[in-house]
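*Asks:* need coordinates for the following:
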Amino acid sequence: GSAHPFMEHLMYTANFAIPLIGTWLWGGASIAMFYIYLLGFDLLNIIGHCNFEFIPTWPFRVLPFLKYLVYTPSFHSLHHSRVHTNFCLFMPIYDYIGGTLDPKSWDLFELAYNGKAVSNAAPSTVFLAHGTELLSVLHLPFMCRSFSSRPFETTWWMYALW
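*Replies:* Numbering: from 1, shown residues only. Now for the predicted structure:
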């Protein structure tokens, strides 16, 4: 499993596909554009899932509207812990407009940045993983312990599961 509703997976795929297919249909696509777009998307995904706050709080105090334009790891962590909130992929304004913005997002951001989000000793880094396809999902620790204990290695019989 996944804690994400099926519609979220469809919308996530559309987020990838629409800009890429659109540029290709209008004749503006290039190999470099595809790489830049996908690497940028992955970078933003990594930032959202790194689970530690490295974005300073002062820009948000100086320019309050930034909290609707820039998402932070603590903002996205609420999406994983509360499931039905903070769905935006990179701009919280969409959650604000859609009514799915968690009101505790900004308080958690301040606490996390100042190291006060948890009262007990926490690990220095925890990466929240999303599986991309079945063969890689099987190697995630929460899917199959025997696969995740070895480096990624595909065997012939795994293709039957894919």
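
*Asks:* quick one: secondary structure of the nearest residue to residue 85 once chain neighbours are set aside?
*Replies:* Using C-beta to C-beta, 6 or more residues apart in numbering and skipping the chain neighbours, the partner closest in space to residue 85 is residue 102 (4.2 Å). All C-beta atoms are positioned from the backbone trio N, CA, C, and that covers glycine. Following DSSP: H, G, I helix; E, B strand; the rest coil, we place residue 102 in the coil state.

*Asks:* repeat that for residue 86.
*Replies:* Judged by three-state DSSP, the three-state class of residue 86 is coil.

*Asks:* can you tell me which residues contact it?
*Replies:* 75-76, 78-79, 92, 95, 100-102, 105 (C-beta atoms under 8 Å, 6 or more residues apart in numbering).

*Asks:* PyMOL command for the buried members of these?
*Replies:* Entered in PyMOL, the line below selects the buried ones among the contacts of residue 86, by 16 or more other C-beta atoms under 10 Å:
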select buried, resi 75+76+78+79+92+95+101+102+105
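
*Asks:* from the contacts of residue 86, which land in strands?
*Replies:* Among these, no member is found in strands (DSSP state E).

*Asks:* which helix or which strand is home to residue 38?
*Replies:* For residue 38, the host element (DSSP states H and E) is helix 31-49.

*Asks:* after that helix comes which helix or strand?
*Replies:* Next along from helix 31-49, by DSSP H and E: helix 58-62.

*Asks:* how about that following helix: buried residues?
*Replies:* residue 60.

*Asks:* which residues sit against it?
*Replies:* Contacts of helix 58-62 (C-beta under 8 Å, 6+ apart): 66-67, 70, 106, 109.

*Asks:* any chance of those in CSV, with pLDDT too?
*Replies:* Shown next, in CSV, are the contacts of helix 58-62 (pLDDT from 0 to 100):
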residue, pLDDT
66, 91
67, 90
70, 88
106, 89
109, 89
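
*Asks:* mind listing which of those residues are in helices?
*Replies:* Mapping the contacts of helix 58-62 onto helices (DSSP state H) picks out 106, 109.

*Asks:* which of the contacts of residue 86 lies closest to residue 31?
*Replies:* If you rank these by distance to residue 31 using C-beta to C-beta, residue 76 comes first, at 29.9 Å.

*Asks:* alright, that wraps it up for me.
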